[in-house]
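Q: here you go, sequence then predicted model.
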Amino acid sequence: MIHGRMKAASILAFTALIGASMVLARPAADEPKKLADNASFDTPAAPVQYFSRKQVEATFNHETNSETLYNSDYGSKSYEVKASRRVKELPAETHSVWTDVIYVEKGAATLVTGGKLAGDNVTPKAFPDGRPYLETHTYTKIDGGERRRVSVGDVVVIPNGTPHWFVDIDGPFWFFNVKTR
């Protein structure tokens with residue numbers, strides 16, 4: 001019974017996380033909004049995206065080609081949903097445009113935020129198709145910063161421009177990451 005309540009709480013927390021990210025992804029207040037007579041937007045709505053538990057777990061377990069569940073093409077819709085997994089420490093990073101909204105689903109890790117990216121720059125120069133890789137900058141570590149332990153059920157919002165890094169991973173460490181402008 002307790003496990004069922006915990007799972008229900010996880011689902012509710014993730015639903016709230018997605019709702020919060022959709023608010024963040026809304027157009028700026030100064031952008032015009034057109035309403036039809038029936039109080040709905042006059043532009044077609046994007047289709048609802050559904051991912052079964054099997055698809056989500058396959059993504060967390062790296063049984064798919066990417067950790068991305070849904071990619072809005074970082075253009076017209078301005079968000080992406082990832083099922084991210086860490087079993088070891090990866091480079092520290094910062095994003096120039098994107099805010100990360102993270103919900104921890106499994107495991108625990110220490111999240112280092114702030115400070116200064118340091119060590120070796122491991123940022124790729126370009127995407128495989130040749131486009132320059134400009135949005136995310138990665139280095140081997142962070143000097144300074146605030147350390148906090150994050151675990152199942154925690155939600156963290158990391159604003160763009162903030163260095164962040166997961167260390168001391170008790171894994172597998174699974175987290176949903178909604179990247180939004």
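A: Sure, I can see it. Numbering: from 1, shown residues only.

Q: next one: phi and psi at the spatially closest residue to Ser66 that is not a sequence neighbour?
A: Of all residues not flanking Ser66 in the chain, Thr59 sits nearest, at 7.7 Å (CB to CB, 6 or more residues apart in numbering). For glycine as for every other residue, the C-beta is placed from the backbone atoms N, C-alpha and C. Dihedral pair for Thr59: phi -70, psi -50, per degrees, to the nearest 10.

Q: please report how far Thr59 lies from Asn121.
A: In this structure, Thr59 and Asn121 are 29 Å apart, going by CB to CB, to the nearest Å.

Q: the more surrounded of the two?
A: Thr59 (22 against 11; other CB atoms under 10 Å).

Q: tell me, how many residues neighbour the spatially closest residue to Leu134 that is not a sequence neighbour?
A: Leaving aside its sequence neighbours, Leu134 sits nearest to Ser96 (CB to CB, 6+ apart; 7.1 Å). Ser96 has 10 neighbours, counted by other CB under 10 Å.

Q: is it true that Ser96 touches Glu135?
A: Yes: between Ser96 and Glu135 there is a contact at 5.6 Å, judged by CB atoms under 8 Å.

Q: list the contacts for the residue nearest to Leu134?
A: 134-137, 160-161 (CB atoms under 8 Å, 6 or more residues apart in numbering).

Q: quick one, helices of the chain?
A: Assigned helices in the chain, in chain order: 2-24, 53-60 (criterion: DSSP state H).

Q: gap between the last one and the chain center?
A: In other words, helix 53-60. Helix 53-60 has its C-alpha centroid displaced from the chain centroid by 16 Å (CA atoms, centre = their mean, to the nearest Å).

Q: which strands and helices lie in contact with that helix?
A: Helices and strands touching helix 53-60, by 3 or more CB pairs under 8 Å, 6 or more residues apart in numbering; DSSP states H and E, are strand 68-71, strand 79-86.

Q: how about the contacts made by Val157?
A: Contact analysis of Val157 by CB under 8 Å, 6+ apart lists 20, 99-102.

Q: try Pro132
A: Listed by CB under 8 Å, 6+ apart, the contact set of Pro132 reads 125-126.

Q: in strands, which of the contacts of Val157 appear?
A: Cross-referencing the contacts of Val157 against strands under DSSP state E gives 99-102.
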